[in-house]
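Any chance you could fold what I've pasted below:
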Amino acid sequence: MTGGSARKTIIALAWAVLAARASAGQFTDSLDGKLDFSSFLADNAYGFLPVPIIITEPALGGFGLGMVGLVFHEDEAARTKRMEAARSSDNAARFLLPPSVSAVAAAYTINDSWLVGGGHFGFWKEDHIRYRVAAGYGSINMDFYGTSDFEFKRPLELETEGLIFYQRLSFRIADSKFLVGLQQSYARLQVSPNNLRGFIGDYLPPGLPPGLGDGLADALTSVIEADDQLSGIGVVAEFDNRDNLFSPRKGYNYRFEYLWQGGDIGSDYDYSRFTLVGLNYWPVGDRVLTGLRLQADWLETDDFLPLYVLPYVNLRGIPAMRYQGDYVALGEFELTWLLNMRWSVLGFGGVGRTASAPSELGSSPNYFSRGVGFRYLIARRYGMTMGVDVARGPEDSAFYISAGSSW
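Numbers count the residues shown, from 1 in each chain. Okay, the predicted model is just below:
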């Protein structure tokens with residue numbers, strides 16, 4: 001059996017086991033008799049929500065498979081309160097304390113990229129303390145297209161292999177909706193080019209002596225190849241009054257992050273990164289939900305930074321790292337129509353810009369994306385949906401399996 005067929009078989013068997021258990025009634029909701037994972041997740045100590053990953057990311061070769069397993073944790077008091085609310089309400093998760101969630105993941109793509117990892121998002125002291133941690137190891141063959149200053153004629157594929165780690169600890173200010181905290185990141189990465197000879201050929205004039213291009217490729221390979229260590233610390237400030245953390249219908253989440261990388265804490269590069277994110281959710285009547293995401297990322301540095309560090313336009317339908325710059329701004333709007341308690345359909349559209357300086361953002365080109373999708377309320381007790389989005393960017397189309405909020 002090939003590696004690809006083995007992965008498909010594992011995913012199929014996992015869903016077959018879950019379907020068999022569902023037929024026995026464990027995944028049936030007592031409120032409407034429909035498929036629902038709430039009881040399985042809450043009552044089974046080893047229960048997990050499997051989320052298949054179908055990767056259509058053009059920057060990763062266009063196709064891949066994977067699986068994420070989500071495990072929900074609740075203390076007895078929170079579980080009892082949630083179960084009481086769930087008996088009679090299709091909106092049971094709203095305004096109840098969020099449960100902690102753990103995740104494990106693995107993925108592989110046809111360009112031989114692979115990743116294994118896991119994480120945990122914990123809520124302590126009745127949501128007065130939040131902690132998230134994630135770690136992964138893998139080998140990623142990613143296409144890079146240049147920056148807002150200079151766009152390549154063809155993508156440069158870099159193989160980046162190594163370890164990444166991130167953690168954040170936030171504390172609620174009294175009983176308000178404001179949280180402040182600290183964050184830390186670490187990465188140890190080996191970087192090498194995969195297609196440098198063909199990449200250089202697009203820039204060389206015709207009629208050069210044989211072998212000159214190969215010599216230039218060897219010289220540039222020695223420059224690009226790196227064993228990088230990135231180490232950062234920073235602060236986070238956040239306002240969050242969303243009615244549910246998994247699939248919000250109402251509320252706001254605004255977050256500011258500052259992360260500093262420097263030699264004094266073990267980083268090979270010295271720079272500061274700032275991120276401002278605003279997530280807005282507004283219901284319109286009983287059947288229509290609207291959402292708006294606003295985001296800005298920017299860097300401050302005197303160093304020449306590797307491409308994988310730079311911010312990029314992160315929108316559905318646009319390849320990762322396709323449009324990069326020191327300054328990135330974007331917005332995305334989403335409109336959802338609730339067909340019934342379980343099913344909903346949605347449409348979305350977004351636009352982003354990149355620049356090498358903030359004064360250039362106003363005249364930078366727009367990169368648009370748009371798409372449609374659907375959602376199913378898979379765990380009513382937690383207010384969590386799953387579904388599929390199909391999106392189109394300036395050059396490519398892709399589809400995504402979504403678990404929880406699109407953002």
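
The closest residue to I200 other than its chain neighbours: what secondary structure?
Spatial nearest neighbour of I200, excluding adjacent residues (Cβ to Cβ, 6 or more residues apart in numbering): A217 at 5.3 Å. For every residue, glycine as well, the C-beta is placed using N, CA and C. Here A217 is helix, with the state taken from DSSP: H, G, I helix; E, B strand; the rest coil.

Next, count neighbours for A217.
Residues contacting A217 under the criterion other Cβ atoms under 10 Å number 18.

Just the pLDDT at it, thanks.
Listed pLDDT for A217 reads 71.

which helices and strands does the longest strand along the chain pack with?
Longest strand in the chain, counting residues (DSSP state E): strand 151-172. Using 3 or more Cβ pairs under 8 Å, 6 or more residues apart in numbering; DSSP states H and E as the contact test, the elements touching strand 151-172 are strand 129-146, strand 178-193, helix 196-201, strand 226-240.

out of the ones you listed, nearest to Q324?
Among those, strand 129-146 comes nearest to Q324, with 7.3 Å by Cβ to Cβ.

What are the buried residues along that closest one?
130, 132-134, 136, 138, 140-146 (16 or more other Cβ atoms under 10 Å).

Can you get me the centre-to-centre distance for that strand and its chain?
Distance of strand 129-146 from its chain centroid, counting by Cα atoms, centre = their mean, to the nearest Å, is 9 Å.

I'd like to know how far W337 sits from N244.
Using Cβ to Cβ, to the nearest Å, we find W337 at a distance of 18 Å from N244.

So for those two, which residue has more residues nearby?
Applying other Cβ under 10 Å to W337 and N244 shows that N244 carries more neighbours, namely 23 against 13.

how far away is the nearest residue to that one once chain neighbours are set aside from E332?
Spatial nearest neighbour of N244, excluding adjacent residues (Cβ to Cβ, 6+ apart): G383 at 4.1 Å. Here the criterion is Cβ to Cβ. By it, G383 lies 21 Å from E332.

of these two, who's got more company?
Neighbour count, other Cβ under 10 Å: between G383 and E332, G383 has more, with 25 against 22.

where does that one sit relative to Y254, distance-wise?
21 Å.

now L182
For L182, the distance to Y254 (Cβ to Cβ) stands at 18 Å.

re the thing from before, quick check, the residue nearest to N244 in contact with S247.
Yes - here G383 reaches S247: they are 5.5 Å apart, a contact under Cβ atoms under 8 Å.

which one of L182 and Y254 has more residues nearby?
Neighbours were counted for L182 and for Y254 using other Cβ under 10 Å; Y254 has more, 17 against 13.

related to what we said a few turns ago, ok, so of the buried residues of strand 129-146, who is nearest I318?
Y145 (11.0 Å).

that older thread, return every residue with contacts to both of G383 and S247.
L377 (Cβ atoms under 8 Å, 6 or more residues apart in numbering).

Using a markdown table, lay out the helices and strands packed on strand 151-172 together with mean pLDDT and distance to R287.
Converted to a markdown table, the helices and strands packed on strand 151-172 look like this (pLDDT from 0 to 100; distance: least, Cβ to Cβ, whole Å):
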| stretch | mean pLDDT | distance to R287 |
| --- | --- | --- |
| strand 129-146 | 94 | 32 |
| strand 178-193 | 96 | 32 |
| helix 196-201 | 72 | 51 |
| strand 226-240 | 97 | 26 |
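
Serialize these to TSV and add fields for distance to L70.
Shown next, in TSV, are the helices and strands packed on strand 151-172 (distance: least, Cβ to Cβ, whole Å):
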stretch	distance to L70
strand 129-146	13
strand 178-193	22
helix 196-201	39
strand 226-240	20
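
Flag the shaky bits of the stretch 301-407 of the chain, pLDDT-wise.
Within the stretch 301-407 of the chain, no range satisfies pLDDT under 70.

just the helices in it please.
Assigned by DSSP state H, counting those that start in this stretch, the stretch 301-407 of the chain shows no helices.

quick one: the strands in it?
For the stretch 301-407 of the chain, the strands defined by DSSP state E, counting those that start in this stretch cover 327-338, 343-355, 367-379, 384-392, 397-403.

Output these in TSV, with distance to I200 appended to each entry.
Shown next, in TSV, are those (distance: least, Cβ to Cβ, whole Å):
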stretch	distance to I200
strand 327-338	28
strand 343-355	25
strand 367-379	27
strand 384-392	32
strand 397-403	29
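
Quick one: closest of these to L35.
Proximity to L35 (Cβ to Cβ) singles out strand 367-379 among the strands of the stretch 301-407 of the chain, at 7.5 Å.

Would you mark the buried spots in that closest one?
For strand 367-379, burial by neighbour count (16+ other Cβ under 10 Å) applies to 367, 369-371, 373-375, 377-379.

Which residue lies closest in space to W407, excluding its sequence neighbours?
For W407, ignoring the flanking residues on the chain, the nearest one in space by Cβ to Cβ, 6+ apart is R293 at 5.1 Å.

got the contact list for the one you found?
Neighbouring residues of R293 by Cβ under 8 Å, 6+ apart: 277-280, 330-334, 350, 407.
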